[in-house]
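A.B. asks: give me a model of this one.
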Amino acid sequence: MASLYEKMGLPSNVVYIKPISHDDLPVEILESIDENLPLFAVYAENGQQIALVEDQQVAFALAQEHKFSLHSVH
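C.D. replies: Okay, the predicted model is just below:
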């Protein structure tokens with residue numbers, strides 16, 4: 001059975017989470033979110049954004065739920 005990262009075509013299960021600026025988002029996403037909420041993106045090892053959430057703890061929980069390995073970005 002293929003893992004989630006394999007199904008998504010990702011090179012590994014390594015992900016990192018970082019805050020994302022509203023200025024970096026496409027207009028169609030900006031129209032559907034509260035501009036006052038902080039946003040956090042989950043990125044694959046190759047830099048592909050795989051999730052966008054409104055809470056850092058949700059981002060961590062999402063990564064853990066799907067058995068991704070969280071790594072720090074320096």
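A.B. asks: gap between the residue nearest the centre of the chain and residue 32?
C.D. replies: Nearest to the mean C-alpha position of the chain, by Cα atoms, centre = their mean, lies residue 42 at 1.6 Å. Using Cβ to Cβ, to the nearest Å, we find residue 42 at a distance of 18 Å from residue 32. Backbone N, C-alpha and C define where each C-beta goes, glycine included.
A.B. asks: quick one: average confidence on stretch 30-50?
C.D. replies: Stretch 30-50 comes out with an average pLDDT of 87.
A.B. asks: how far does it stretch from start to finish?
C.D. replies: This stretch, stretch 30-50, spans 17 Å end to end (Cα to Cα, to the nearest Å).
A.B. asks: picking up where we left off before, got the phi/psi numbers for the residue nearest to the centre of the chain?
C.D. replies: As for residue 42, its main-chain torsions (degrees, to the nearest 10) stand at phi -100, psi 130.
A.B. asks: how about the one 5 residues further on?
C.D. replies: Backbone geometry at residue 47, expressed as degrees, to the nearest 10, gives phi 90, psi 0.
A.B. asks: any idea how far residue 21 is from it?
C.D. replies: According to Cβ to Cβ, residue 47 stands 16 Å off from residue 21.
A.B. asks: do the same with residue 40
C.D. replies: Here the criterion is Cβ to Cβ. By it, residue 40 lies 11 Å from residue 21.
A.B. asks: quick check: residue 5 is in a helix.
C.D. replies: Yes: assessed with DSSP: H, G, I helix; E, B strand; the rest coil, residue 5 lies in a helix.
A.B. asks: what about it, how many residues close to it?
C.D. replies: Here the count is done by other Cβ atoms under 10 Å, and residue 5 has 20 residues near it.
A.B. asks: now the one 5 residues further on
C.D. replies: By the criterion of other Cβ under 10 Å, residue 10 has 18 neighbours.
A.B. asks: hmm, it is touching residue 50, no?
C.D. replies: Yes: under the contact definition of Cβ atoms under 8 Å, residue 10 touches residue 50, with a separation of 7.4 Å.
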